[in-house]
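K.L.:
Need a 3D model of the sequence below.
(one chain, ligands or ions: 1)
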Amino acid sequence: MQVTTKRLVIRPFKEGDADALYSYTSNAKTMHYLPEEPFTRQEVACFIATKNEAYAVVLQKSDALIGHIVFERYFGDHSYEIGWVFHQDYWGKGYATEAAAAVLTYGFEEMGLHRVVATCQPENHASYRIMEKLGMRREGLFLQCIPYRDTWWDEYSYAILQQEYYEKKQRLG
Ligand SMILES: CC(C)(COP(=O)(O)OP(=O)(O)OC[C@H]1O[C@@H](n2cnc3c(N)ncnc32)[C@H](O)[C@@H]1OP(=O)(O)O)[C@@H](O)C(=O)NCCC(=O)NCCS
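P.N.:
Numbering: from 1, shown residues only. This next block holds a predicted model:
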């Protein structure tokens, strides 16, 4: 998948992305709501080599890699999960929403997906705001479903069906 938006290019990772990916995935604040610990250099190399479902988000203007979107099979061939991680320097500028919206459009219109889901912790306001801005519905709140160190995380679960995607698109003209 390669998608272009007004400000961004969303494309597969390549080897030369390692430094940029490390610059934010090694940051404890950025990785706070992810089940993984901050990445080491070795984990970054492994991620680029093996995580084919992750797509780099690059600024058109400067070619800077500012984050990534994970878009992967969830159930069968037509149900996918979407997720996002961005460099802290670029938060709050609408980049994650812009990238995720373009990936969702690609998923429904080019891949013919039936359903896309996303999850996050209820404390992660920015993440579930993206889901809501994409037109996803909150389908549930799972209490203490993820073991994390010596505690349990709750989780919101959101989804959008292809039909809902097209209804929203029609509403917005
Ligand atoms: C979640 C994340 C990807 C959002 O990226 P972003 O580019 O800042 O998102 P956007 O600018 O598109 O903003 C999306 C919404 O979140 C809100 N938002 C952004 N940063 C916020 C913050 N720190 N606190 C509260 N809301 C915030 C925005 O205001 C916007 O909502 P609005 O339109 O109602 O104002 C980014 O914060 C991040 O990478 N976090 C760390 C990784 C992570 O937690 N990933 C998700 C795991 S489930």
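K.L.:
Spell out which parts of the protein neighbour the ligand.
P.N.:
30, 33-34, 83-86, 91-97, 120, 124-127, 129-130, 133 (Cβ under 6 Å from any ligand atom). Just so you know, the C-beta spots here come from the backbone N, C-alpha and C atoms, and that holds for glycine as well.
K.L.:
Of these, grab the buried ones for PyMOL.
P.N.:
Selection of buried members from the residues of the chain next to the ligand for PyMOL, criterion 16 or more other Cβ atoms under 10 Å:
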select buried, resi 30+83+84+85+86+95+96+97+120+124+127+130
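K.L.:
Give me the subset of the residues of the chain next to the ligand that lies in strands.
P.N.:
Among the residues of the chain next to the ligand, the ones falling in strands (DSSP state E) are 83, 84, 85, 86, 120.
K.L.:
Enumerate every residue touching the fourth one.
P.N.:
Taking Cβ atoms under 8 Å, 6 or more residues apart in numbering as the contact definition, residue 86 lies against 24, 30, 57, 66, 67, 68, 95, 96.
K.L.:
any residues touching the stretch of helix or strand the first one belongs to, and which ones?
P.N.:
Think residue 24. In the assignment (DSSP states H and E), residue 24 maps to helix 18-25. Here helix 18-25 makes contact (Cβ under 8 Å, 6+ apart) with 13, 30-31, 38-39, 41, 43-45, 47-48, 56, 64-65, 67-68, 85-88.
K.L.:
List the buried residues for it?
P.N.:
18, 20, 21, 22, 23, 24, 25.
K.L.:
Same check on stretch 34-42?
P.N.:
38, 39.
K.L.:
what is the rounded mean pLDDT of that stretch?
P.N.:
When pLDDT is averaged over stretch 34-42, the result is 94.
K.L.:
ditto for stretch 105-114
P.N.:
Mean per-residue pLDDT for stretch 105-114: 98.
K.L.:
Next: stretch 71-86.
P.N.:
pLDDT averaged over stretch 71-86 gives 96.
K.L.:
in this protein, which spans are strands?
P.N.:
Using DSSP E, strands in the chain cover 3-4, 8-12, 54-59, 65-75, 79-86, 115-120, 137-148, 151-161.
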